[in-house]
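K.L.:
sequence first, then the predicted structure, then my questions.
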Amino acid sequence: MPQMIRPPNSKDETAYLRMLFLKTEQRLVAEINRKRSQEYVDYAEVAALNRTQQILQEMVDDSWGYVPAMIEKIFYKSEAAANGYKNAAGLTASQLGIVQQLSNNLLGDIVEASVTAQRSIEESFRIGKREADKVREAALKSVAEARAAGYGSGKAAVSMARELRSENITAFVDKAGRNWGLQDYCNMATRATARQAEVSAVLTADPDHDLYRIVKIGSTCPICAPLEGRVYSRSGTNPDYPPLASAFGKIDPNGSDDLSNTYLNIHPNCLHALVKYTTIGKSEAQIQKDKDFSSFEKNPVTVDPRSKKQIAAYKEKIRNRQRLLNDYKQHERYRAVLGNDVPKSFEKFRELKYNGGEGWKSAQALYRKTNAYNKIILKEPSITADLMKISNDTGVSMVGLEYRLKAKDSFLRKVGKESEYSLDPERIKTVISSTNDIIRYTYQDNALTLVDSYKNITQVLQEKGYSVVRVKNFWHKRDNPYNGINCTFRTLEGQDFEVQFHTPESYGVKDRMHKDYETWRQLNAASPEAIALRRKMMEQSRGMAIPANIGEVKNK
């Protein structure tokens with residue numbers, strides 16, 4: 001029997017459970033991420049899976065201890081609204097039975113979700129042995145983002161959590177085949193159970209009362225509309241009124257019509273209230289009218305009783321709810337990508353979106369640019385692995401590998417300038433798609449063999465499935481202070497990246513004049529300062545040894 005508890009205050013009694021589910025999912029993500037965030041993809045799966053199983057078991061154990069007390073609290077609260085706590089000293093036998101029934105139902109959902117989550121994690125680990133799966137991809141992305149922001153791998157867990165949730169890694173598949181995140185599914189089950197407890201508390205507050213009416217709430221849904229306003233028999237034994245089980249739905253269609261065989265609510269998110277119905281003070285005509293309206297035979301539930309205005313009001317409510325949900329998800333995405341560059345509070349975010357004008361367009365533009373950058377750098381590890389292997393196999397060294405990713409701020413400045421700071425989505429997209437140096441590498445060889453190395457490495461890259469998009473041989477341009485071979489390659493997935501080929505001398509000059517070049521490119525080319533900087537850079541590159549056979553490298 002559930003323990004006796006004091007009547008609760010007005011706080012949400014499901015808050016603790018929802019916090020528990022969130023905490024559990026975060027712990028699972030942290031466990032999966034623990035070594036993968038350090039880029040060790042294959043590790044001791046048995047130990048890791050044991051830890052995830054322990055995390056899920058702790059969630060079940062905590063739920064087992066809290067759920068019956070939570071439902072009792074809801075009974076007290078709901079009964080208080082109806083009876084002013086005058087009978088709230090304890091629960092009746094029938095109420096305790098319903099508490100036990102609801103507790104078992106919810107705990108069953110939580111246990112089932114826990115088992116399914118563990119199976120999903122085990123499957124993701126097995127896939128991880130064979131290929132770069134979603135968990136590994138999320139880990140690599142989170143690491144890349146953390147490093148680009150100047151953090152170590154320990155800062156990667158938050159972004160990975162969002163990635164894993166978006167991929168339903170800890171998914172629960174319900175009976176309708178729908179996928180839920182572990183936290184989302186358990187929250188839904190808790191919300192539905194809490195609502196069932198509220199309804200059943202009202203129905204069992206007075207054991208001797210049998211007739212209840214489902215009150216009308218205005219812009220109701222098509223499921224509830226035919227059922228509202230009718231009078232029902234709680235016990236299902238009154239021949240003049242339909243059983244309440246016919247509105248709630250019977251668990252066993254051939255079973256009894258009492259509450260123990262019902263779902264205790266019309267549907268999980270149903271907001272209808274039930275009120276006692278009595279014939280005292282009513283005329284015979286009014287009583288008969290109520291009977292006729294309640295009858296499923298005389299007033300079929302297959303007919304939608306709503307007016308066009310009510311249907312329109314309901315559709316508008318659904319649209320507003322959907323927009324609210326979409327805005328909430330959008331706020332999460334923007335916060336994940338932009339952090340404090342967008343409002344922390346959801347309310348302020350919506351104010352910016354609907355009242356911000358240019359401010360909102362600027363936020364959208366920043367999100368598009370930053371999100372594109374994050375997606376591009378996610379592809380860097382596999383490209384780097386290929387190019388480093390080619391370097392080892394050919395003996396041609398790579399230099400400047402620590403600069404293989406363009407800094408995010410530099411990327412944002414470049415896209416802003418080349419798009420002329422446009423806020424137009426298509427123009428931003430066009431500029432980003434034409435930017436090839438977010439991922440970039442440099443091979444270095446002496447002047448005698450540089451061209452041979454360029455040809456050999458290009459051939460190997462093509463054999464691996466990379467295609468040559470563009471080749472620029474700057475050694476041909478005598479009026480340019482920069483010397484090198486700049487190539488753009490494209491992955492099978494369509495991601496462009498840059499590969500430069502340098503001699504030690506040309507790479508050293510490039511490195512020395514980098515700061516001057518960055519200043520020069522921001523100036524008007526005809527300005528005295530720009531002319532002076534260009535002259536200085538030309539002087540630095542004068543007399544450089546020209547690679548043998550450089551004329552064989554044609555521009556493309």
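P.N.:
Perfect, I can see it now.

K.L.:
okay, now the closest residue to Leu211 other than its chain neighbours: neighbour count?
P.N.:
Excluding the flanking residues, the one nearest Leu211 by CB to CB, 6 or more residues apart in numbering is Tyr277, at 4.2 Å. Backbone N, C-alpha and C define where each C-beta goes, glycine included. Tyr277: 19 surrounding residues under other CB atoms under 10 Å.

K.L.:
where do the helices of the stretch 401-550 of the chain begin and end?
P.N.:
408-418, 425-433, 450-463, 504-512, 514-520, 528-541 (DSSP state H, counting those that start in this stretch).

K.L.:
between the ones you listed, which one is nearest to Asp258?
P.N.:
Proximity to Asp258 (CB to CB) singles out helix 425-433 among the helices of the stretch 401-550 of the chain, at 58.8 Å.

K.L.:
contacts for that closest one, please.
P.N.:
Helix 425-433 is contacted from outside by 364-365, 368-369, 372, 415, 418-419, 422, using CB atoms under 8 Å, 6 or more residues apart in numbering.

K.L.:
list just the nearest of those residues to Val199.
P.N.:
Closest to Val199, out of all of the contacts of helix 425-433 and judged by CB to CB, is Gln364, at 43.5 Å.

K.L.:
hang on, that closest one packs against Leu423?
P.N.:
Yes - with contact defined as CB atoms under 8 Å, Gln364 reaches Leu423; the gap is 7.3 Å.

K.L.:
what number of residues are in the vicinity of the closest residue in space to Ser506 that isn't next to it in sequence?
P.N.:
Excluding the flanking residues, the one nearest Ser506 by CB to CB, 6+ apart is Asn483, at 4.6 Å. Residues near Asn483, counting by other CB under 10 Å, number 24.

K.L.:
what of Leu244?
P.N.:
Number of residues near Leu244 (other CB under 10 Å) recorded here: 26.

K.L.:
contacting residues around it?
P.N.:
By CB under 8 Å, 6+ apart, the residues touching Leu244 are 203, 212, 232-234, 236, 257, 259, 262.

K.L.:
next one: phi and psi at the residue sitting furthest away from the middle of the chain?
P.N.:
Distance from the centre of the chain peaks at Glu284, with 58.4 Å (CA atoms, centre = their mean). Per-residue torsions, Glu284: phi -60, psi -40 (degrees, to the nearest 10).

K.L.:
ok now stretch 429-446, how far from the chain's centre?
P.N.:
30 Å (CA atoms, centre = their mean, to the nearest Å).

K.L.:
could you dump it to PDB, C-alpha only?
P.N.:
Extracted in PDB, the C-alpha atoms of stretch 429-446 (Å, rounded to 0.1, in the frame of the first residue of the first chain):
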ATOM      1  CA  LYS A 429      24.300  30.200 -49.800                       C
ATOM      2  CA  THR A 430      25.900  31.000 -53.100                       C
ATOM      3  CA  VAL A 431      28.900  32.600 -51.500                       C
ATOM      4  CA  ILE A 432      29.300  29.700 -49.000                       C
ATOM      5  CA  SER A 433      29.100  27.100 -51.800                       C
ATOM      6  CA  SER A 434      31.900  29.000 -53.700                       C
ATOM      7  CA  THR A 435      34.200  29.100 -50.600                       C
ATOM      8  CA  ASN A 436      36.700  26.300 -51.000                       C
ATOM      9  CA  ASP A 437      39.300  27.100 -48.300                       C
ATOM     10  CA  ILE A 438      37.500  26.300 -45.000                       C
ATOM     11  CA  ILE A 439      39.400  23.000 -45.100                       C
ATOM     12  CA  ARG A 440      42.800  23.400 -46.500                       C
ATOM     13  CA  TYR A 441      46.200  21.600 -46.600                       C
ATOM     14  CA  THR A 442      49.700  22.200 -47.800                       C
ATOM     15  CA  TYR A 443      52.200  19.700 -49.300                       C
ATOM     16  CA  GLN A 444      55.800  20.700 -49.400                       C
ATOM     17  CA  ASP A 445      58.600  19.500 -51.600                       C
ATOM     18  CA  ASN A 446      61.900  20.800 -53.100                       C
END
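
K.L.:
what residues sit buried inside it?
P.N.:
431-432, 435-436, 438-445 (16 or more other CB atoms under 10 Å).

K.L.:
so can I have JSON lines of those showing distance to Pro343 and pLDDT?
P.N.:
Output for those, formatted as JSON lines (distance: CB to CB, whole Å; pLDDT from 0 to 100):
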{"residue": "Val431", "distance to Pro343": "27", "pLDDT": "93"}
{"residue": "Ile432", "distance to Pro343": "25", "pLDDT": "93"}
{"residue": "Thr435", "distance to Pro343": "29", "pLDDT": "89"}
{"residue": "Asn436", "distance to Pro343": "34", "pLDDT": "89"}
{"residue": "Ile438", "distance to Pro343": "28", "pLDDT": "94"}
{"residue": "Ile439", "distance to Pro343": "32", "pLDDT": "95"}
{"residue": "Arg440", "distance to Pro343": "35", "pLDDT": "95"}
{"residue": "Tyr441", "distance to Pro343": "39", "pLDDT": "96"}
{"residue": "Thr442", "distance to Pro343": "41", "pLDDT": "95"}
{"residue": "Tyr443", "distance to Pro343": "46", "pLDDT": "96"}
{"residue": "Gln444", "distance to Pro343": "47", "pLDDT": "95"}
{"residue": "Asp445", "distance to Pro343": "52", "pLDDT": "94"}
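
K.L.:
now Val451: how far from Glu552?
P.N.:
6 Å (CB to CB, to the nearest Å).

K.L.:
ok, now which ones touch the residue nearest to Ser506?
P.N.:
By CB under 8 Å, 6+ apart, Asn483 lies in contact with 474-475, 506, 509-510, 541, 544.
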